[in-house]
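Student: Provided below for reference: sequence and predicted model.
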Protein chains: 6
Amino acid sequence: MKTDIPWQDRPEGNHDIMWRFDQNPIIGRYDIPTSNSIFNSAVVPFKDGYAGVFRCDNKAVQMNIFAGFSKDAVHWDIEHNPIAMQAGNTQMIHSDYKYDPRVVFIEDRYWITWCNGYHGPSIGIGYTYDFQEFFQCENAFLPFNRNGVLFPRKINGKYAMLSRPSDNGHTPFGDIWVSYSPDMKYWGEHRCVMKPSPFEDSAWQCTKIGAGPIPIETEEGWLMIYHGVINTCNGFRYAMGSALLDLVNPDKVLFRTQPYLLGPAVDYEMIGDVPNVVFPCAALHDFEKDRIAVYYGAADTSVALAFGHISEIIAFTKQNSL
Amino acid sequence: MKTDIPWQDRPEGNHDIMWRFDQNPIIGRYDIPTSNSIFNSAVVPFKDGYAGVFRCDNKAVQMNIFAGFSKDAVHWDIEHNPIAMQAGNTQMIHSDYKYDPRVVFIEDRYWITWCNGYHGPSIGIGYTYDFQEFFQCENAFLPFNRNGVLFPRKINGKYAMLSRPSDNGHTPFGDIWVSYSPDMKYWGEHRCVMKPSPFEDSAWQCTKIGAGPIPIETEEGWLMIYHGVINTCNGFRYAMGSALLDLVNPDKVLFRTQPYLLGPAVDYEMIGDVPNVVFPCAALHDFEKDRIAVYYGAADTSVALAFGHISEIIAFTKQNSL
Amino acid sequence: MKTDIPWQDRPEGNHDIMWRFDQNPIIGRYDIPTSNSIFNSAVVPFKDGYAGVFRCDNKAVQMNIFAGFSKDAVHWDIEHNPIAMQAGNTQMIHSDYKYDPRVVFIEDRYWITWCNGYHGPSIGIGYTYDFQEFFQCENAFLPFNRNGVLFPRKINGKYAMLSRPSDNGHTPFGDIWVSYSPDMKYWGEHRCVMKPSPFEDSAWQCTKIGAGPIPIETEEGWLMIYHGVINTCNGFRYAMGSALLDLVNPDKVLFRTQPYLLGPAVDYEMIGDVPNVVFPCAALHDFEKDRIAVYYGAADTSVALAFGHISEIIAFTKQNSL
Amino acid sequence: MKTDIPWQDRPEGNHDIMWRFDQNPIIGRYDIPTSNSIFNSAVVPFKDGYAGVFRCDNKAVQMNIFAGFSKDAVHWDIEHNPIAMQAGNTQMIHSDYKYDPRVVFIEDRYWITWCNGYHGPSIGIGYTYDFQEFFQCENAFLPFNRNGVLFPRKINGKYAMLSRPSDNGHTPFGDIWVSYSPDMKYWGEHRCVMKPSPFEDSAWQCTKIGAGPIPIETEEGWLMIYHGVINTCNGFRYAMGSALLDLVNPDKVLFRTQPYLLGPAVDYEMIGDVPNVVFPCAALHDFEKDRIAVYYGAADTSVALAFGHISEIIAFTKQNSL
Amino acid sequence: MKTDIPWQDRPEGNHDIMWRFDQNPIIGRYDIPTSNSIFNSAVVPFKDGYAGVFRCDNKAVQMNIFAGFSKDAVHWDIEHNPIAMQAGNTQMIHSDYKYDPRVVFIEDRYWITWCNGYHGPSIGIGYTYDFQEFFQCENAFLPFNRNGVLFPRKINGKYAMLSRPSDNGHTPFGDIWVSYSPDMKYWGEHRCVMKPSPFEDSAWQCTKIGAGPIPIETEEGWLMIYHGVINTCNGFRYAMGSALLDLVNPDKVLFRTQPYLLGPAVDYEMIGDVPNVVFPCAALHDFEKDRIAVYYGAADTSVALAFGHISEIIAFTKQNSL
Amino acid sequence: MKTDIPWQDRPEGNHDIMWRFDQNPIIGRYDIPTSNSIFNSAVVPFKDGYAGVFRCDNKAVQMNIFAGFSKDAVHWDIEHNPIAMQAGNTQMIHSDYKYDPRVVFIEDRYWITWCNGYHGPSIGIGYTYDFQEFFQCENAFLPFNRNGVLFPRKINGKYAMLSRPSDNGHTPFGDIWVSYSPDMKYWGEHRCVMKPSPFEDSAWQCTKIGAGPIPIETEEGWLMIYHGVINTCNGFRYAMGSALLDLVNPDKVLFRTQPYLLGPAVDYEMIGDVPNVVFPCAALHDFEKDRIAVYYGAADTSVALAFGHISEIIAFTKQNSL
């Protein structure tokens, strides 16, 4: 029988909508021999446990993605070699680097998207049936793009992907868009979903925003957990919020948190290769128990977990909407 | 019978591959009542004369595209109101601004592409059968993109478009890419065609490059006239070059001019709203007479014409290739 | 009897609201022995002719203001030495440079404002009774500020001044504000009057705006001629527009031109020390004859004149309002 | 009887002029339910205890000011709702945000100044008699300005305020100025007090400087504690110094510390939303006991306390002057 | 017998210290078949006429230097191929580009210096005896450097060179330095000669300065003609001034013009590939006739000539010194 | 007898090529009374112990170098006053600041190089026989330069120095060069040694690189330990790598580590005045015991030690070469 998703009850005296796992970070920067840092990674239920795709930067600070497996979704065995892709729906696509993966099961296979270095950052797409063999497809978009996140099912008969058009550097702007594809090869019908908020309304998300985990289908709409960025005088600070998107037309934002759900406030989030980063890339959820476990990169250095009750997050999003 | 394309023989003593029309600029900045400038515009043979789509910035410096007609392709009647689009293959797409159009006849209609302001610059697509009624389709790509240029026929069964991924400002970089679509709605198979050259090899095109007129199919490959930009201490300088792309795989550059074909050197190119700009957007050609007439925006202010012999341009491109 | 203000009828075939003097530029860059350029200057009726305060940068490119006199307001005798200020309502204020003066008669004297170099650009204030002796008062504001322009009478019992808060460089932003003073020494009640327009609505004024000549009281409100700036890839382009402000509460904009009234389009505006600049600083008007003559700096190099009918400008402003 | 100001003797072996409270930070980031951070705040003696105005950024990272009360000036009860202002000497002034308050008692009431978001950062002014009802007055200056700090009494019959003219971003420059007002409504007589020091003379204050607590009147002059900033390759670092200003002409700097008094060196100063920030905003002093307690924001996250002997600080300032 | 240096008397009514040749530009942008522009070039007396080294950018905008010859120093025959260097005092030095040459005869040969592209701009050194064979020596300095100008004789037994340390872009700063060498191979004893002036003292030279022609030995010191740059909102403007340096210790500036001697004011200086550039690189002088003819690049496009009387320039420099 | 160099064996379970001293940091920021920070310092064997030159920034954040002595090279007595230089091979050279020293014994004396503030950062050179008296020589190069590091013996009869040409700010680029001198006064024969790596090959060193300790002569070449920098969205991160340079032609790189040897990963490296800095400046080695002890600045705040086996570092460099 399936292992439960990771969980800890809200600590005594804590009134936050989301709270941290007390064993954070669950994956440390040196957890595989070659790694400089392991963060911004994705997990899914797989067989009787869990599988994941992990961003491990090696000690040359080359960015790549690695498969990993776990019984409990907390303790992970990550492969020591990066994923070797085979050609999927096209000739083999060149890749200078791969980072910030997301994973989702749709229909018959696990789809992986990531930031793919192809004459600039674009959105790579691949799939696997078994986390042993991986197949790389056409990049979804032209550069420059990051944070490509698939919806977990077709919408109106088409695959749908969130993404954030960017530039070729440390982009100081960024909206969340949705695009559609009949076949995971050609993409179109691009619509702007949501933009950074005005500074005076919600400054933690006033510089740029980007989708995080795979959106979760709820009766209230697609629950999208996302990151927002403020540009302080000492750099970018990344925090986490949530939004509810219309189930049929996900470019329609129903609600969106004005406050963040989780911002950098503990050492492993505030100290590291890039200080002050909370960057969610995956979530496991259990509707029956009303639980969600969000995996997030901490300070571009390690992987951490935060918990919440789905119903509370939805209610909070609706009651504290921008 | 069809009027010939505009033409003047190469002036005495001139040894350049391309030379200017002595009645330049053929369209002045104030040639319609509301205009501040008319430039970066496209023309095609139409019925027994010519039609065109013109970028006219009005005196509020709002950018829009206007239809125009001509008997001789030199003297133009431009409509006084911008093109009013109807919905094409989708719901109506919002457009904050439209600029730098290109026009091409494919199969049964005239396709128009332009830089479309939709939460940033992206590539708008529309079509017309008669230059009276115009239909707007889905944008080809996510922002930020400029200089979307269609090939004049399907390649390997798909529509093909050149474009230049950009950022949201006066982009200081830019490569030419090609993308494909089965249906003018969904696009993919994005490939990098060519990049700016190293400064020491060809500085006029070392900052960014972008496709110009519709590529012309020749036995030697697709003849692509393009612009290149150098960033001087006093701003960008735009000049014009040419390349030959493989007919079957147009991401394969066969030849590309190291020298420019035409650079800003006369008053209407060096003085204006944006000094030192030669920006080609359209060409008429006559294989029989071995002639090409290139329409280019001059100093972001007016429209000018340059001439050349196709065979000479091809030979020059091959003999002076980067 | 008073000489008429300068005037030429609208040329044949010209349909613009404002048109240029055919003897432009009326003051050339070298019109006094030491000058590198003379531009952005102010004139007023004075005795049986006219007086003015002129920005003359010398050949060390030091910026200073000079008195000048004219019978016809077209041909000017400018002093060869800059204005020597005496202490006015305070101890003598240091001044690293003075530029872009405005002049207005209020009650009993001629008030002059300018951009005063005092640990950064701020708004200098002075007065004269005779254009022989000049008295310098307290600067109106803290740095950084430019384009301080007084209203020609007290409003609600207080002096009122337009200005544009800036930064310490080539400021890429700028709104027009109004401030009030009971005594020309202490200022307060700062209100934002108007901001740059969105790029897609009126791009010529989308980067920054600043007041020009002294506002003219009309039945329709204060007629404020102002400059707007667009930031092209090759630098700033300055053009001229108009607005009508509420007579009682001049922070209330009644109307504001979406199109510009005059933009750089002739050689002396497009070529010079700073190309593509039309910068109005003064106007003479004659309600009886329904005439206005606007003095503007051209390309930061010389002084030029443009004409219009007041009633037409007002009507145009109302009919073409943003 | 009045509680003493907070105090701890200089620790054994410590030879610094100022030293930290061993219970720092005295106010944590989450000390009210909605807060993301509490820092850069001001306190004054009030009744038989203390009152304060606190900068609490909420979890939407909206910046606002909150009243708070304390018996001992160490343990604070901060209101859970921001201060609701009523109109003071003018109509109600709009405020996009409020931050970095200072408080001072003058004559009959407590005056509060803060950075007020009004089309950019400017200096807001308000007052209260009881910390229950608050009245908002005219902004002191045009944008862009920060760190407005009132002197605790009129000078030469006028209110006097220090401030730092800025730009609209993370300003990389900044001098301290003084301005005067007869009535807290109109301001003038702006004088530059002091500028950043040359890099080679005192690099910790070479980028910008700004006034901190209300200046303290001493026989040696106004004791002004201020912050100075150095721009390292990884961002701004804020430290604290002191100066003595002439009692009659406070734009005359008598002495100014070349070394800092306190720089970021412990975890709560070096780690947080903005690392490496020591930002003083208030001080309590006791001349009789020769004590000062300085309240400073730490890392834009929490509030901390540092202590010193007034006489030592004055002596140090005189002996280590730039 | 030697042809006189080029000359025209000062025009009627002209009171400037230097005046332009009425046949300017003497060399046009297309004066050799491959050129895009010819400017910033150097000439010397040679045999019974003159020789020169010319910067000709070709139509790929590759920068290189070309030999040329003239009878009268006005009409020039420039070689159609760039100078082919042989190894001089070292192995052959790589050169990505060569620009802005200077030429001087010292002892037994003509020395040439230029900006040499060697992993960035540095100062190349070469020599020739006959302008047929050229020998390239070690670069004088590490990158980044431009405007290396040799003194025409050894000073204190050592070769001496002026230069301007730069960065790797359109450097927005720059001082003139002097360095010494015993052997034209190893350089040291670097001293700062002069810096840009404060904006308020002489703005035309407030951004950067660089040496121009070979300094001329006079009884009053080394007469150094140099360029100065102001950074306007629309780019750099280059003008020409003069200084007198101590004959023995040329890092000692005796006098330096506060006003410029010649600034961009005619079309061929204000319009071109880089508008508003007057860039002197060479001078011919005739002490007997008290004449100097300065060669300068105009708008980075063509070569022009200006004249003056040496005694007047010296007197002016002394009387108008910063 | 000579004390051994500092050493600790590799900790259990540690598989890194270099590991940290468990008493790090060995020198704290406040280890002399005036210091704000002590870091980026150099040590050498001296008499029966060790001597060093230390960068101590004082509490005015003035940068200077100080002598220090130690028996064991771990516990240091640093002088409380900075080194007072006497004139060496030239007149006394001005110095605005001194930082980042290196020390090496060549032939008969200890040579010191440092970043010398002389109208910008350049490379200062000095020497001492006894660490009591110090003599300052000519600066090696023109500004802007940093990280001048001498080889420990003449190469081909000349002194050789590594350096990194820079600009006048927080330089975002930087290559390592080698230059030669016959006499420590005049320098030439500048050759580029190595450049930052492409981002996708080794991102930790993709922004700039600079030499660290004195290169160590081995049979495999000069062992050069150097720093590399990546520009993250929150600032520069400095790590340490190694290269082997050809013994005869040290501009020839034989091998260079693709992974870093040591990157910021512990608190004293990640937190401080400049977070995330590991900056090696000196090394002690013992060939017999196959040991190296590298001294590095940590977070621009303190001095730390890392250890390794020379043979392992060499083998690793060869096996993991870019």
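Tutor: Here it is on my side, so go on.
Student: Now do the SS call for A:Phe173.
Tutor: Under DSSP: H, G, I helix; E, B strand; the rest coil, the three-state class of A:Phe173 is coil.
Student: okay, now it: neighbour count?
Tutor: 20 (other C-beta atoms under 10 Å in any protein chain shown). The C-beta positions use only the backbone N, C-alpha and C, and glycine is treated the same way.
Student: roughly how far apart are it and D:Pro280?
Tutor: 34 Å (C-beta to C-beta, to the nearest Å).
Student: May I ask which helix or strand of chain A has the lowest mean pLDDT?
Tutor: strand A:85-87 (a mean of 94; mean pLDDT, DSSP states H and E).
Student: Run a quick neighbour tally on the residue lying closest to A:Asp300 once chain neighbours are set aside.
Tutor: Distance criterion C-beta to C-beta, 6 or more residues apart in numbering or on different chains; nearest residue to A:Asp300, sequence neighbours excluded, is A:Val274 at 3.8 Å. By other C-beta under 10 Å, 22 other residues sit near A:Val274.
Student: Report the distance from stretch A:253-260 to the chain centre.
Tutor: Chain-centre distance of stretch A:253-260: 17 Å, with C-alpha atoms, centre = their mean, to the nearest Å.
Student: That should have said stretch A:301-317, apologies.
Tutor: 13 Å.
Student: hey, C-alpha coordinates of it in PDB?
Tutor: What follows is stretch A:301-317, C-alpha atoms only, in PDB (Å, rounded to 0.1, in the frame of the first residue of the first chain):
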ATOM      1  CA  THR A 301      21.400  25.300  -1.900                       C
ATOM      2  CA  SER A 302      19.200  22.600  -0.500                       C
ATOM      3  CA  VAL A 303      15.600  21.100  -0.600                       C
ATOM      4  CA  ALA A 304      13.100  21.700   2.100                       C
ATOM      5  CA  LEU A 305       9.500  20.900   2.900                       C
ATOM      6  CA  ALA A 306       6.500  22.900   4.100                       C
ATOM      7  CA  PHE A 307       3.100  21.600   5.000                       C
ATOM      8  CA  GLY A 308      -0.400  22.900   4.900                       C
ATOM      9  CA  HIS A 309      -4.100  22.000   4.800                       C
ATOM     10  CA  ILE A 310      -5.400  22.300   1.300                       C
ATOM     11  CA  SER A 311      -8.700  23.700   2.500                       C
ATOM     12  CA  GLU A 312      -7.000  26.300   4.600                       C
ATOM     13  CA  ILE A 313      -4.800  27.400   1.700                       C
ATOM     14  CA  ILE A 314      -7.800  27.700  -0.500                       C
ATOM     15  CA  ALA A 315      -9.800  29.600   2.100                       C
ATOM     16  CA  PHE A 316      -6.900  31.900   2.800                       C
ATOM     17  CA  THR A 317      -6.300  32.600  -0.900                       C
END
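Student: how close does A:Asn40 get to A:Cys115?
Tutor: Distance of A:Asn40 to A:Cys115, given as C-beta to C-beta: 9 Å.
Student: Those two: which is more packed in?
Tutor: Counted by other C-beta under 10 Å, A:Asn40 and A:Cys115 do not tie: A:Asn40 has more neighbours, with 30 against 26.
Student: Would you mind measuring from that one to B:Asn89?
Tutor: A:Asn40 is 37 Å from B:Asn89, by C-beta to C-beta.
Student: same thing with A:Ala239?
Tutor: In terms of C-beta to C-beta, A:Ala239 sits 40 Å off from B:Asn89.
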